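**Q** Compute the structure for the input listed below.
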Amino acid sequence: MRLLHVDRTEPVPTARFEDSAPLLSIDAAAFRENFNRRPFLIGHRLTSHPLFELPRLLELARTLPEANVEYNAGDIPVSLRPELTPRTGLSVEETVRRIEDCKSWMVLKYVEHDPEYRDLLHRCLAEIRVHSEPLVPGMMQAQGFIFLSSPQSVTPFHIDPEHNFLLQIRGTKRIHQFDARDRSIVTEEQLERFYEGAHRNLPFDEAWRSKAWVFDLQPGQGLHFPVTAPHFVENGPGVSVSFSVTFRTPDLEYRGLVYNVNSWLRRRGWRPTPVGVSPWRDRLKCFGYRLCRRLQRLLRRKPR
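**A** Below you'll find the model as predicted:
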């Protein structure tokens, strides 16, 4: 144990600042060396921000579309099939009000629908963009997620499709993160299914624990998650509030297309070359996929 969907969207707009003081503290060398390869810590100054107080989070939960609020019991195992996730029987409002003792886990998705949270998200991403653009240009699809968790709750083992910085606002979390390139933990077949729309949760083998980077995340700290880096989270003894700042880049769209083609080939009996092993094969698959889509659109438009 080392303690320490894919549609193109408009680029992330430049944030407007009233206060020019940075919100994040980022080590440029650590970012350059580790971004989208392995986890690393950053700092932030959002711990007393009024947008993360419970009354304001309750207001946000009430105004978000129902599909953008996910919540369930937090007293669950690390390895959990999504269809077996237990519910608490509480409403969204009851969950927020009783988060200290209701043993729940909640995520407010796509909080950029609210103008205040959108401005804060863009301001954080503007500071990350300075470091990310030289490495993977084209920051786009800015999305924010707020996690509200009861003491000792668990977020099961899963993967996510975005570049992600998780900022710890209140409480503590122990995060177990694994190498996204380790195919003994997440296989090519699992990634293919994920990019085709399978649920984010994956089965976890307890024998893998020794492979994890483990971070006891404190308020004022943030952690980078490379794309599809598998991880699970164990909440500390108090209520936890975290702000997940995410974005995508054009290379992730390309990656998703190649995984879709590989899945199509595998279902027809082929054994496709894993993504990234052969760049020319990846380019050919992406070209073929896009060509087929164009031909399909032309055939649909052809007059009868």
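
**Q** domains of the protein?
**A** With domains defined by automatic domain parsing, the chain comprises 2-249, 254-301.

**Q** Looks like Ala28 contacts Ile128 (just checking).
**A** No: the pair Ala28 / Ile128 is not scored as a contact, 11.5 Å apart, by CB atoms under 8 Å. Placement of C-beta: from N, CA and C, glycine included.

**Q** Which residue of the two possesses the greater neighbour count?
**A** Higher neighbour count among Ala28 and Ile128: Ile128, with 22 against 9, using other CB atoms under 10 Å.

**Q** Contacts only, for that one.
**A** Leu24, Ile26, Met139, Phe165, Val245, Phe247 (CB atoms under 8 Å, 6 or more residues apart in numbering).

**Q** for Glu94, same thing?
**A** Cys102.

**Q** wait, is it part of a strand?
**A** No: remark: Glu94 does not belong to a strand; assigned using DSSP: H, G, I helix; E, B strand; the rest coil, it is helix.

**Q** From Leu284, how far off is it?
**A** Going from Glu94 to Leu284 by CB to CB, to the nearest Å gives 53 Å.

**Q** again, but for Asn262
**A** 12 Å.

**Q** Which one's more surrounded, those two?
**A** Applying other CB under 10 Å to Asn262 and Leu284 shows that Asn262 carries more neighbours, namely 24 against 13.

**Q** Without its sequence neighbours, what residue ends up closest to the more buried one?
**A** Distances taken as CB to CB, 6 or more residues apart in numbering place Pro272 nearest to Asn262, at 4.0 Å, with adjacent residues excluded.

**Q** ok, the one you found touching Arg266?
**A** Yes: counting by CB under 8 Å, Pro272 touches Arg266, with 6.0 Å between them.

**Q** ok, those two, which is more surrounded?
**A** Just comparing Pro272 and Arg266: by other CB under 10 Å the higher neighbour count belongs to Pro272, 20 against 15.

**Q** Next, that one: secondary structure please.
**A** With three-state DSSP as the criterion, Pro272 reads coil.

**Q** That one: what's it in contact with?
**A** Shown in contact with Pro272 (CB under 8 Å, 6+ apart): Glu188, Val261, Asn262, Leu265, Arg266, Lys285.

**Q** wait, which of the residues you listed is closest to Ile99?
**A** Of all the contacts of Pro272, Glu188 has the smallest distance to Ile99: 38.5 Å, by CB to CB.
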